[in-house]
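S.K.: from the sequence below, what's the structure:
(chains A and B)
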Amino acid sequence: MTVQANQRRGGGGYLDRPAPSGLADVVEIILDKGIVIDAYVRVSLVGIELLTIDARIVIASVDTYLRFAEATNRLDLAEQGGGKPLDEFIGSMTESGASGKVKGAVSGAKKALSSGSDDDDDEERERRPAKKSSTRRRSSA
Amino acid sequence: MTRTAEMEPGELSDTEEGLFVYGIVRGDTELPGVMVGLDGRDVVTVRCDRVAALVSPLAVQRPPGRAKELLAYSQALDVVAESHPVVPVRFGAILPDAGSVVEELLAPDEEHFHALLEDLQGRAQFMLRAGYVEEQVLGEIVQSDPEVAELRERTRDLPEEAAYADRVRLGELVARAIEDKRGQDADFLLDRVLTLVDAHVVRPVSGLAPVCDVALLVHSDQRAELEARLESLAEEVHERIRLRLMGPVAPYDFVGEG
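M.R.: Numbers count the residues shown, from 1 in each chain, chains lettered A, B, ... in the order given. Below you'll find the predicted structure:
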């Protein structure tokens, strides 16, 4: 993630201090926040309303576990002074494939933006209760 | 009730255009110069007593858009939030005309919006995200859990299809270990910053890298101290955890009824 990719910035700071400019940043910040106007006074724009930006939670699943296992196996423990050096044989083949998959899980929410899919059915299941802290204001018209 | 000169009630009701609503500000808010919103249209205010809505005209039948519109929405709100309290309205809200904005959105809840805006005066939202240095934390797990180390030895030289059960078990152990670490590390980080914020909302995270993702409501008097504390905290933990602070942004997480 970007959190890791960012190195120390000018001024010697360790705290990464980006301006929220890119789409990914904005999606992270906004999610589906803000007060809600009741549906019936809300003229939906085709397409736009589908943008129920969904911070997709990576739910525990076999698929997730396999990604974690791959990441663990890719680890080069030699650099940390423990374990054995990675066998060269594993090489590039599995490594490149695996890193793509791990990243894919994290950036899934952002891809939803351009995919056009409406995942309303899954929301209840996959969102966690913490989301309730963003309470909604409904205007009664 | 009064309205600004820019937008007369019912002006757009016979057209194909509606009003995209960004958020709600105090009635006496003067926008910082010309503000451009969705589709390059000017953002204006529609006032109702002590509150006003930030809106811009939008063709209702326009082709769908996503990324560009979302960016325009957040930029408009953030620009206003720099100098005025603002209550964001969830992205995607469109009302038929200025009259509906007043009658259906502002008037029924004028008191509530006014109170919210008073409460937000002088405060802004920041987003704090913490993420693991992945190799570091995975290394800790391998070295502290013999079963993980053993499973790793057993599976890593095999082709991806082989040792399926062992791989699943390995991943499950790693996932649990990360969950444990995440809980401890998130508590540690939050303990250090929450004394300097007026409110916070912890957002759920999962996966390998994230430690925590939290929205902070910060008073302008506390901002410098918070930034200084986060800087020293980031230095303290940087070998394992990277910290990232974004903002100020509009208070998206702090406009609920709770």
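
S.K.: element containing the closest residue to B:Tyr252 other than its chain neighbours, please.
M.R.: Of all residues not flanking B:Tyr252 in the chain, A:Lys33 sits nearest, at 3.6 Å (CB to CB, 6 or more residues apart in numbering or on different chains). The way it works is simple: take the backbone N, C-alpha and C, and place the C-beta from them, glycine included. Of the helices and strands defined by DSSP states H and E, none includes A:Lys33.

S.K.: do the same with B:Pro57
M.R.: Applying DSSP H and E, one finds B:Pro57 within strand B:51-59.

S.K.: what about chain A, any weak spots by pLDDT?
M.R.: Along chain A, the parts satisfying pLDDT under 70 run over A:1-12, A:31-32, A:38-60, A:78-141.

S.K.: residues touching B:Asp221, list them.
M.R.: By CB atoms under 8 Å, 6 or more residues apart in numbering or on different chains, the contact list for B:Asp221 reads B:Gly122.

S.K.: swap that for B:Val249, sorry
M.R.: A:20, A:29, B:74, B:77-78, B:81, B:124-127.

S.K.: still on that earlier bit, buried residues, the strand holding B:Pro57. List them.
M.R.: Neighbour counts over strand B:51-59 (16 or more other CB atoms under 10 Å in any protein chain shown) mark B:51-58 as buried.

S.K.: wait, which of these is closest to A:Glu70?
M.R.: Distances from A:Glu70 to the buried residues of strand B:51-59, taken as CB to CB, are shortest for B:Leu58 (45.2 Å).

S.K.: spatially nearest residue to that closest one, not counting backbone neighbours?
M.R.: In this structure, B:Leu58 finds its nearest non-sequential neighbour in B:Phe20, 4.2 Å apart by CB to CB, 6+ apart.

S.K.: ok so, going back, turn the buried residues of strand B:51-59 into a markdown table, including pLDDT.
M.R.: Listed next are the buried residues of strand B:51-59 as a markdown table, based on pLDDT from 0 to 100:
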| residue | pLDDT |
| --- | --- |
| B:Val51 | 97 |
| B:Ala52 | 98 |
| B:Ala53 | 97 |
| B:Leu54 | 97 |
| B:Val55 | 96 |
| B:Ser56 | 95 |
| B:Pro57 | 93 |
| B:Leu58 | 89 |
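
S.K.: so which of these is the closest to chain A?
M.R.: Distance to chain A, by CB to the nearest CB, is smallest for B:Leu58 among the buried residues of strand B:51-59, at 7.2 Å.

S.K.: ok, what's across the strand from the closest one?
M.R.: B:Gly18 (DSSP bridges).

S.K.: likewise for B:Ala215?
M.R.: Residues in beta-bridge contact with B:Ala215 (DSSP bridges): B:Met127, B:Val201.

S.K.: which residues touch it?
M.R.: By CB under 8 Å, 6+ apart, B:Ala215 lies in contact with B:125-128, B:200-201, B:203, B:252-254.

S.K.: cool, B:Val214 as well?
M.R.: Contacts of B:Val214 by CB under 8 Å, 6+ apart are B:127-129, B:190, B:200-203.

S.K.: just give me the least confident of those.
M.R.: The member of these with the lowest pLDDT is B:Arg203, at 88.

S.K.: so it touches B:Asp213, yeah?
M.R.: Yes - using CB atoms under 8 Å, B:Arg203 is in contact with B:Asp213, at 4.4 Å.

S.K.: buried ones in whichever strand or helix holds B:Glu118?
M.R.: Secondary structure assignment for B:Glu118, by DSSP H and E: helix B:110-120. For helix B:110-120, a neighbour-count test (16+ other CB under 10 Å) marks B:110, B:112-114, B:116-117, B:119-120 as buried.

S.K.: with stretch B:131-142 instead?
M.R.: B:131-135, B:137-142.

S.K.: is any residue of it near chain A?
M.R.: Yes - for stretch B:131-142, a contact with chain A is found by CB under 8 Å from any CB of the partner chain, at B:131-136, B:138-139, B:141-142.

S.K.: which of those residues fall in strands?
M.R.: B:131-132 (DSSP state E).

S.K.: thinking again about what came up before, next, the angle from the helix holding B:Glu118 to strand B:51-59.
M.R.: Orientation note: helix B:110-120 sits at an angle of 100 degrees relative to strand B:51-59 (axes from the mean of the first three to the mean of the last three CA atoms, to 10 degrees).

S.K.: tell me the mean pLDDT for helix B:110-120?
M.R.: 95.

S.K.: residues in contact with that helix?
M.R.: With CB under 8 Å, 6+ apart as the test, helix B:110-120 has contacts from A:137, B:24-26, B:48-51, B:85-87, B:106, B:251, B:254-255.

S.K.: mind doing that once more with 10 Å?
M.R.: A:35, A:137, A:139, B:1, B:23-27, B:29, B:48-53, B:81, B:84-87, B:102, B:105-106, B:109, B:198-199, B:217, B:250-251, B:254-257 (CB atoms under 10 Å, 6 or more residues apart in numbering or on different chains).

S.K.: are any of the residues you listed buried, and if so which?
M.R.: Taking 16+ other CB under 10 Å as the criterion, what is buried in the contacts of helix B:110-120 is A:35, A:137, A:139, B:23-27, B:29, B:48, B:50-53, B:81, B:84-87, B:102, B:105-106, B:109, B:217, B:250-251, B:254-256.
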